[in-house]
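Novice: need the 3D shape of this:
(one chain, ligands or ions: 1)
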Amino acid sequence: MHSSHQQSQPFQRNGAHQTSFPAKKPSPPQQNQPDFDHQDARRGFSPQDQAVPQSPSGSSVPQRRPEPACPVFRKCGGCQLQNMDYARQLQFKQRRVEGLLKQFHSVEPIIGMETPYHYRNKVSAAFALARNQQIISGVYQDSTHRIVPVDHCLIEDPKADEIICSIRRLMKSFKLLPYDEVTQKGFLRHVLIKRGFATNQIMVVLVTATPVFPAKKRFTEALLKLHPEITTILMNLNDRYTSMVLGEQEKVLYGPGKIQDILCGCRFQISAKSFYQINPAQTEALYLKAMEYAGLTGSETVIDAYCGIGTIGLVAAKRGAKKVVGVELNRDAVKDAIENAKLNKLSNAWFCAGDAGEFMLEMSLEKEPADVVFMDPPRAGSDRTFLSSLIALSPQKVVYISCNPETQQRDLRYLTSKGPYRVTRIQPVDMFPHTNHVETVALLEKAVPLKIHL
Ligand code: SAH
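Specialist: Residues are numbered from 1 along each chain as shown. Have a look, this model is predicted:
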């Protein structure tokens with residue numbers, strides 16, 4: 001679309017919001033990450049880790065490597081598996097999860113997507129000025145702060161991509177400059193777009209380096225004229241030297257400042273800074289599997305640890321939990337979770353802000369009863385305080401949802417070796433087609449002590 005002023009051909013945008021900085025200045029310590037996204041970290045296993053398939057005779061079979069649909073997939077680095085057809089990607093992820101978790105229990109066949117494209121409901125673009133003085137927007141090239149221009153991406157919401165292109169054009173007519181990290185001058189750093197696929201509500205966040213937004217009213221009106229489908233526009237001030245997309249302060253320029261989406265029959269309010277799963281179709285599959293594993297009957301007290309905006313806990317509150325308590329570090333997400341309980345008229349759910357480990361420790365010291373614990377930690381997995389308190393609390397079932405099977409393996413090992421648990425189900429779900437990431441849900445149940453009859 002903007003080929004006339006691109007440095008190079010458009011690349012594929014992915015969700016990588018955390019990148020390393022130019023070596024000149026040290027990167028500040030990473031605070032709690034309000035914009036945390038399961039897919040943000042580009043680490044993970046590589047397709048090169050995959051064993052070459054063997055023919056029945058034992059000789060190597062050449063792998064089928066289709067041309068990646070995105071011409072620059074290697075430069076972008078977001079879709080590491082795009083040179084494998086989708087069936088093969090699923091096979092690769094299945095083997096990967098089996099390699100790590102089969103030691104605990106057999107692994108059910110991975111749940112894949114029917115149409116594994118344009119699934120991302122959250123899109124973020126960095127803005128910069130190219131050498132030819134044209135404004136470009138796109139993703140940072142892997143491990144750099146060089147921007148790879150992107151107009152269309154195979155995994156992102158096309159509407160979001162369209163809006164980002166419009167913003168770039170409007171900037172030119174409004175004479176707004178993108179922020180320059182080296183000179184630390186300029187205005188617009190990023191644009192973040194979130195869309196509720198079920199409600200069609202769209203949030204646009206303009207992340208700026210300065211609090212002064214010249215002609216903000218006219219700019220907002222012009223954007224809404226081009227895209228009347230946008231339901232809210234925010235300005236977020238990020239004036240720090242940081243690799244995080246969003247800053248602390250935000251201001252609503254249009255609409256309610258939030259959007260809503262629907263998952264598993266529940267309505268959820270989502271704010272700019274809170275975490276929300278980026279692939280709603282697969283999230284429903286994941287949550288329904290988690291509910292099946294929990295087997296709620298109407299009498300259970302449930303904990304939703306690392307609850308985000310309360311999605312898992314509220315689905316459980318609607319589907320058979322007697323009482324739900326959620327805990328989450330991000331205060332904006334907790335506010336959303338409390339609102340979401342009201343929105344769904346669920347009076348059996350409570351949410352608190354805090355560290356999940358500290359919360360579990362308190363629960364175990366107070367000897368608070370819990371029957372089922374859902375836990376869904378970030379990529380780093382859980383910590384000792386949480387896991388040892390979980391064992392002390394000793395719920396009948398633990399449903400462990402993970403976006404990193406490596407840390408899940410470590411935590412399952414701890415729970416099964418130090419606690420009374422055994423793993424009884426494991427289900428991989430492909431939340432992030434074409435990337436090397438995979439989500440898994442595992443059920444742990446208290447092992448019944450053997451009765452020895454003499
Ligand atoms: N269960 C939610 C969110 C999962 S993402 C969902 O399905 O949408 C992991 C969440 O853990 C994020 O919202 C993150 O803010 C939160 N988090 C990270 N570290 C935490 C900690 N130490 N204690 C509590 N929550 C934490």
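
Novice: tally of neighbours for K367?
Specialist: For K367, the count of nearby residues is 8 (other C-beta atoms under 10 Å). Backbone N, C-alpha and C define where each C-beta goes, glycine included.

Novice: now do the phi/psi pair for it.
Specialist: K367 adopts backbone torsions of phi 50, psi 40, taken as degrees, to the nearest 10.

Novice: any idea how far the ligand is from it?
Specialist: Between K367 and the ligand the distance is 21 Å, computed by C-beta to the nearest ligand atom, to the nearest Å.

Novice: quick one: I110 and L129, what's the gap?
Specialist: The span separating I110 from L129 equals 43 Å under the rule C-beta to C-beta, to the nearest Å.

Novice: more crowded one of the two?
Specialist: Between I110 and L129, counted using other C-beta under 10 Å, the more crowded position is I110 (22 against 15).

Novice: pLDDT weak spots in the stretch 301-450 of the chain?
Specialist: The model of the stretch 301-450 of the chain has pLDDT under 70 over residues 449-450.

Novice: one more pass at 80, please.
Specialist: For the stretch 301-450 of the chain, applying pLDDT under 80 flags the ranges 448-450.

Novice: the ligand contacts on that one?
Specialist: Counting by C-beta under 6 Å from any ligand atom, the stretch 301-450 of the chain comes close to the ligand at 306-308, 311-312, 327-330, 333, 355-356, 376, 378.

Novice: for those, give me a markdown table that also has neighbour count.
Specialist: Supplementary listing: these in a markdown table, determined by neighbours: other C-beta atoms under 10 Å:
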| residue | neighbour count |
| --- | --- |
| Y306 | 21 |
| C307 | 29 |
| G308 | 24 |
| T311 | 26 |
| I312 | 30 |
| V327 | 26 |
| E328 | 28 |
| L329 | 20 |
| N330 | 23 |
| A333 | 26 |
| D355 | 15 |
| A356 | 25 |
| D376 | 26 |
| P378 | 20 |
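
Novice: and which of the residues you listed is nearest M84?
Specialist: Proximity of those to M84 was ranked by C-beta to C-beta; the top entry is P378 with 26.6 Å.

Novice: isn't there a strand covering the closest one?
Specialist: No - inclusion of P378 in a strand is not indicated when DSSP: H, G, I helix; E, B strand; the rest coil is applied; the result is coil.

Novice: for the ligand, give me its nearest residue in the stretch 201-350 of the chain.
Specialist: Among residues of the stretch 201-350 of the chain, the one nearest the ligand by C-beta to the nearest ligand atom turns out to be G308. It sits 2.9 Å away.

Novice: ok, and the closest non-adjacent residue to that residue?
Specialist: The shortest distance from G308 to any residue other than its chain neighbours is 4.5 Å, reached at F275 (C-beta to C-beta, 6 or more residues apart in numbering).

Novice: look at that neighbour and give its secondary structure.
Specialist: The three-state assignment at F275 reads coil, by three-state DSSP.

Novice: you'd agree it is up against G310?
Specialist: No - at 11.0 Å, F275 does not count as touching G310 under the criterion of C-beta atoms under 8 Å.

Novice: could I get the contacting residues of N279?
Specialist: Contacts of N279 were listed using C-beta atoms under 8 Å, 6 or more residues apart in numbering, and they are 113, 119-121, 431-432.

Novice: now the two most distant members of those.
Specialist: Distances among the contacts of N279 were taken as C-beta to C-beta; the most separated pair is M113 and N121, at 13.6 Å.

Novice: higher neighbour count, those two?
Specialist: Set side by side, M113 and N121 show unequal neighbour counts under other C-beta under 10 Å, the larger going to N121 at 25 against 18.

Novice: that one touches P158, doesn't it?
Specialist: No - with the criterion set as C-beta under 8 Å, N121 and P158 do not qualify as a contacting pair; they are 11.7 Å apart.

Novice: mind listing the strands for the stretch 1-150 of the chain?
Specialist: For the stretch 1-150 of the chain, the strands defined by DSSP state E, counting those that start in this stretch occupy 122-129, 135-140, 147-149.

Novice: what lines up beside the shortest one in the sheet?
Specialist: To tie it back to what came earlier, the one meant is strand 147-149. Strand partners for strand 147-149, identified by DSSP bridges, are recorded as strand 135-140 (antiparallel).

Novice: quick one: distance of stretch 76-89 to the chain centre.
Specialist: On the basis of C-alpha atoms, centre = their mean, to the nearest Å, stretch 76-89 is displaced by 18 Å from the centre of the chain it belongs to.

Novice: ends of it, how far apart?
Specialist: Counting by C-alpha to C-alpha, to the nearest Å, you get 19 Å between the two ends of stretch 76-89.
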